[in-house]
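S.K.: Predicted model and sequence follow; I will ask about them next.
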Amino acid sequence: MKRNTLSYKVRQYLMFGGVGTALFCAVVIVPFIYGIYLTFTSWDGVSPHKPFVGLANYAAAFADHDYWLAMGRTVIYSVFAVVLINVLAFAMAYLVTSGVKGQNFFRAGFFIPNLIGGIVLGYVWKFVFNRAFVAIGTALAGGEQVPSLLASPKGAMFCLILASVWQYAGYMMLIYVAGFMSVSDSLKEAAMIDGCTPAQAMRNVTIPLMRSSFVQCIFLSITRCFVVYDVNLSLTKGDPYGQSIMAAMHVYNTAFTYKNYDMGQAEALILFVVCAVIGITQVMVGKKGEVEA
Amino acid sequence: MKKSIKKLMVLMLSVVMVIALAACGGGSSDGGSSGGGAGDGTSITLFNSKNEIQEDFENLAKVYEEQTGVHVEVYYSQDTVAAHLATKYASKAPYTINMVDAKDVYSLGKQYGADMSDCAWVGDTDYAITVDGKVLGFPTCIECRGILYNSAAIKAALGEDFDPASIKTLDDFKALLDKLVAAGMATPTAVLGPDWSLAAHYLQQVYEEREDPEAFVQALYKGEADLINDPKFNALMDTFDVLKEYNMFKAQGSNAEDELVHQAMSEGKDAFQFGGCWEWNDLLTYDYNGPVGIMPVPQNVQDDYTGKLVGGGSKYFYVDASEYTSEADQAAGKAFLDWLATSDEGKTFVSDTCGMVSPFKSNTVPCTNDIGKAVKEYVDAGMTVPNYDYDPDDHYSKLGIEMKKYLDSACTREELAAAIEAYWSSTTPVEH
């Protein structure tokens, strides 16, 4: 059988990737395209009629002050969370690949938060911030009730960042662990023989060779942070005073709570574009300097 | 040989995946089917949006099936009601009977609801929702708002029985709170922090407790209402200030957890809380030390609306009459609602099993809910102020934020009034 004909390749692809492609199209591509179509209509979510309104929903979305405030908040949250997640994940990966005693135990322990769903994780942290920390604070203040961190806008943002870092750092750690393991010991040894200190070997040999791990981790953490919803819902629910409503929650509220499906859909698409542009730019910039061992 | 085994494995894997795919497709289309039959009888679907009665509803459906042969499949969703029903309509498989909030009847019901004018229950209630001459909403229960009180806690503190009728004005209320404080109950009130409680329930009274709520709301839309000089607004906010002052969860303010507020009321750690009869199930979750009753919000302004609870019909059913529900299923849906309102089993289900206050006059089954019992007395005596059901969808959430600021003393009453006026005047009026 000739293996370089188009029909052979197509058949091979369909055999192995056909079902996956069909499913992907059915649950991602088709709804996505349909979603784009809906942004040009004034559909109320239930009516069989979908009147065409052109770009009116985009105009409304761009004029929605609260949406852009939420977007701004999301950017701030994402910057802090992405940096902290990656710094912590890298440090943990270094720890669990450095031969420290019980490193497998640490590896599993650090990864466990990622196994807890965002909603549950949010409630767990809410309990910690509202009850445990308040009880400790009250005891330290001599019995005078102290407010929860979640009661102030900055405190709520801090809590969201902390919970997200706790959730994702373990997951990103696994990718960094793979990165560390992929760097050959002989290269590091060669650097040391050439007079590098361990820190110099890390900076000049290990980290450049792990660039693809950084690109992946930063991409994953940016995209996840930009569309955060579950932790936002269960931990702060937008409180206090709507000051911790992130972009995804605003989109949900617009579409489903305020029943502006059309505008909510347009805002969701804008969020997707912003997220995609940042993510793709980061990957392209990151990939440029990648080196092969 | 090896090659043929490989081929066989690839073939088997493909078959398994295709079967899995087919199973997925089959499952989703079965899930929301409103037509078709179970066995020989008719089968209809019902969407219940009161989570706490889901199991009881399923049991009731079994009783109904035994009696009539009609299978009623009861569904519940954690999702927002409107969002969930939207997905059902989008998948062209709506429920036959849908439990929604009153304002959804004016949107969803108006668009898809069947006219139930000819149903037997219509003449038995004052709470049906009629739109354009069609009866579209079947009331499941009556729910009222007011001040919840724990009589046992008050008696334990003061050593005497509490008579809610003795609290007519805010001054009476404050005097009692001071007595409770003197008797050792340092913080006799609690305030729930969620936006639905603060805005959709408490602030809402400002619009409802007046002769013409619609005219007042229209004045708000036009920016003509002067809230800060409005006697009703000030009277209710004065009471709110007192609830705030004696609040057990003052340090947490709007961040106070509902569970702790309910636990305090249930166990009698405090004596008063603004709320309603839907909180009964929350109270029972804890070490209930009642009875807990409900009384009107005490105010120093005395008018036709003070001394009354605010509320009315709640959680409405509409029967889907869209193209996706057959005439036979619509008739079966109406018959089920008739049975729910008129049969002994239906009456017992509402008042006894679920402890709800029945909106039907012929239902004389005693309500098992302490708060509901008190509500029923007010309803029977005609001492209720009707709900205003035409708020914009973002009302409770946007003004909930302002009420939270006020609860946390992060804004003055003037600022609150200005924020409420600004919200209304910048909002498109709801058509109804």
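M.R.: Alright, I've got the coordinates.
S.K.: Kindly report the residues of the stretch 301-432 of chain B close to chain A.
M.R.: Proximity of the stretch 301-432 of chain B to chain A, by C-beta under 8 Å from any C-beta of the partner chain, involves residues B:392-394, B:397-398, B:401, B:404-405, B:408, B:410. C-beta here means a position set from N, CA and C on the backbone, and glycine is covered the same way.
S.K.: Quick one: residues contacting B:K222.
M.R.: B:S425 (C-beta atoms under 8 Å, 6 or more residues apart in numbering or on different chains).
S.K.: do the same with B:S117
M.R.: Shown in contact with B:S117 (C-beta under 8 Å, 6+ apart): B:134-135.
S.K.: Now do it, the pLDDT please.
M.R.: Looking at B:S117, its pLDDT is 93.
S.K.: quick one, phi psi at the residue of chain A found nearest chain B?
M.R.: Nearest to chain B in chain A, going by C-beta to the nearest C-beta, is A:Q145, at a distance of 3.5 Å. Phi and psi for A:Q145, reported as degrees, to the nearest 10, are phi -60, psi 130.
S.K.: Please apply the same query to B:I129.
M.R.: Torsion angles at B:I129 (phi, psi; degrees, to the nearest 10) stand at phi -100, psi 120.
S.K.: Would you confirm that it contacts B:A102?
M.R.: Yes: shown here, B:I129 and B:A102 form a contact pair, counting by C-beta atoms under 8 Å, at 6.4 Å.
S.K.: Please enumerate the shared neighbours of these two.
M.R.: The overlap between the contact sets of B:I129 and B:A102 (C-beta under 8 Å, 6+ apart) consists of B:137, B:313, B:316.
S.K.: okay, who's weakest in those residues by pLDDT?
M.R.: Ranking the shared contacts of B:I129 and B:A102 by pLDDT, B:G313 lands last with 91.
S.K.: That residue contacts B:P139, correct?
M.R.: Yes: B:G313 lies in contact with B:P139 (C-beta under 8 Å); the separation is 3.5 Å.
S.K.: what's the closest non-adjacent residue to B:E65?
M.R.: Leaving aside its chain neighbours, B:E65 sits nearest to B:H71 (5.2 Å; criterion: C-beta to C-beta, 6 or more residues apart in numbering or on different chains).
S.K.: Burial check on that neighbour, number of neighbours?
M.R.: Using other C-beta atoms under 10 Å in any protein chain shown, B:H71 has 19 neighbouring residues.
S.K.: Just the pLDDT for it.
M.R.: At B:H71, the pLDDT value in this model is 95.
S.K.: anything in contact with each of B:G313 and B:P139?
M.R.: In contact with both B:G313 and B:P139: B:125, B:127-129, B:359, using C-beta under 8 Å, 6+ apart.
S.K.: Make sure B:G184 is actually in contact with B:G159.
M.R.: No: counting by C-beta under 8 Å, B:G184 sits too far from B:G159 to count as a contact (11.4 Å).
S.K.: Quick one: low-confidence residue ranges for the chain.
M.R.: Picking chain A for this. Scanning chain A for pLDDT under 70 picks out the ranges A:1, A:291-293.
S.K.: Switch to chain B, please.
M.R.: Using pLDDT under 70, the flagged stretches of chain B are B:1-40.
S.K.: Quick one: check the longest strand seen in it for contact with chain A.
M.R.: For chain B, the longest strand by residue count, based on DSSP state E, is strand B:134-150. No: if you take C-beta under 8 Å from any C-beta as the test, strand B:134-150 misses chain A, and the best it gets is 14.7 Å.
S.K.: The following helix or strand past that strand packs against which elements?
M.R.: Note on strand B:134-150: by DSSP states H and E, the next helix or strand toward the C-terminus is helix B:151-158. In this structure, helix B:151-158 packs against helix B:170-182, with contacts taken as 3 or more C-beta pairs under 8 Å, 6 or more residues apart in numbering or on different chains; DSSP states H and E.
S.K.: OK, now which residue of chain B is nearest to chain A?
M.R.: For chain B, the residue closest to chain A is B:A251, as judged by C-beta to the nearest C-beta, at 3.5 Å.
S.K.: Mind checking which of the residues of the stretch 301-432 of chain B next to chain A are buried?
M.R.: Among these, those buried by neighbour count (16 or more other C-beta atoms under 10 Å in any protein chain shown) are B:392-394, B:397-398, B:401, B:404-405, B:408.
S.K.: Filter those down to the ones in helices?
M.R.: B:397-398, B:401, B:404-405 (DSSP state H).
S.K.: Out of those, which comes closest to A:K237?
M.R.: Ranked by distance to A:K237 (C-beta to C-beta), these are led by B:S397 at 10.4 Å.
S.K.: which non-adjacent residue is nearest the closest one?
M.R.: When the adjacent residues along the chain are set aside, B:S397 lies closest to B:D195, with 5.4 Å between them (C-beta to C-beta, 6+ apart).
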